[in-house]
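S.K.: What follows is a predicted structure for the sequence shown.
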Amino acid sequence: KQTGKGTTETRYYITSLKADAKLIHDAVRSHWAVENNLHWSLDVIFREDASLKKKDHSALNFNIIAKMALTLIDQEKSTKNSKPSKRHLAALDDGYRAKILKI
């Protein structure tokens with residue numbers, strides 16, 4: 001931006017969408033927004049990027065459990081706390097954890 005020069009990048013996608021640049025642009029942006037938000041949540045709430053789980057299927061197993069926990073935390077609407085706060089509260093309070101787990 002400082003030099004005033006622009007750049008152009010070409011990206012190729014395989015899709016069944018009709019050849020409409022705006023439609024494809026919106027679909028790609030929407031897909032990556034979901035991916036980035038999920039990754040960010042898993043990293044911030046569960047510190048997934050700093051994880052040292054490497055043996056056998058432990059990383060995949062933890063990822064699946066973390067996604068399930070994140071979904072349950074997301075669905076719990078009784079407080080306006082952030083997701084990390086809800087996770088922390090669930091770790092400390094058996095009643096709140098039961099509410100999140102719906103048991």
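M.R.: Okay, I see it.
S.K.: what comes up buried for the lengthiest helix in the chain?
M.R.: Counting residues, the longest helix found in the chain (DSSP state H) is helix 21-46. Residues of helix 21-46 classed as buried: 41-42, 45-46 (neighbour count, 16 or more other C-beta atoms under 10 Å). All C-beta spots, glycine's among them, are computed from the backbone N, C-alpha and C.
S.K.: Equivalent analysis for stretch 56-75, please.
M.R.: Here stretch 56-75 shows 63, 66, 69-70, 72-73 as buried, counting by 16+ other C-beta under 10 Å.
S.K.: So N63 versus L52, what's the distance?
M.R.: Between N63 and L52 the distance is 14 Å, computed by C-beta to C-beta, to the nearest Å.
S.K.: scratch that, S85
M.R.: 25 Å.
S.K.: more neighbours, those two?
M.R.: Counted by other C-beta atoms under 10 Å, S85 and L52 do not tie: S85 has more neighbours, with 13 against 7.
S.K.: in which helix or strand would I find the more buried one?
M.R.: helix 83-92 (DSSP states H and E).
S.K.: Next, the buried residues of that helix.
M.R.: Buried residues in helix 83-92, counted by 16+ other C-beta under 10 Å: 83, 86-87, 89-90.
S.K.: quick one: secondary structure of the nearest residue to V28 once chain neighbours are set aside?
M.R.: With sequence-adjacent residues excluded and distances taken as C-beta to C-beta, 6 or more residues apart in numbering, V28 is closest to Y13, at 6.8 Å. Three-state call for Y13 (DSSP: H, G, I helix; E, B strand; the rest coil): coil.
S.K.: What is the burial count for Y13?
M.R.: Considering only other C-beta under 10 Å, Y13 is surrounded by 8 other residues.
S.K.: ok, it to L23 distance?
M.R.: 12 Å.
S.K.: Would you mind measuring from the residue nearest the centre of the chain to L60?
M.R.: Nearest to the mean C-alpha position of the chain, by C-alpha atoms, centre = their mean, lies L38 at 0.7 Å. Here the criterion is C-beta to C-beta. By it, L38 lies 15 Å from L60.
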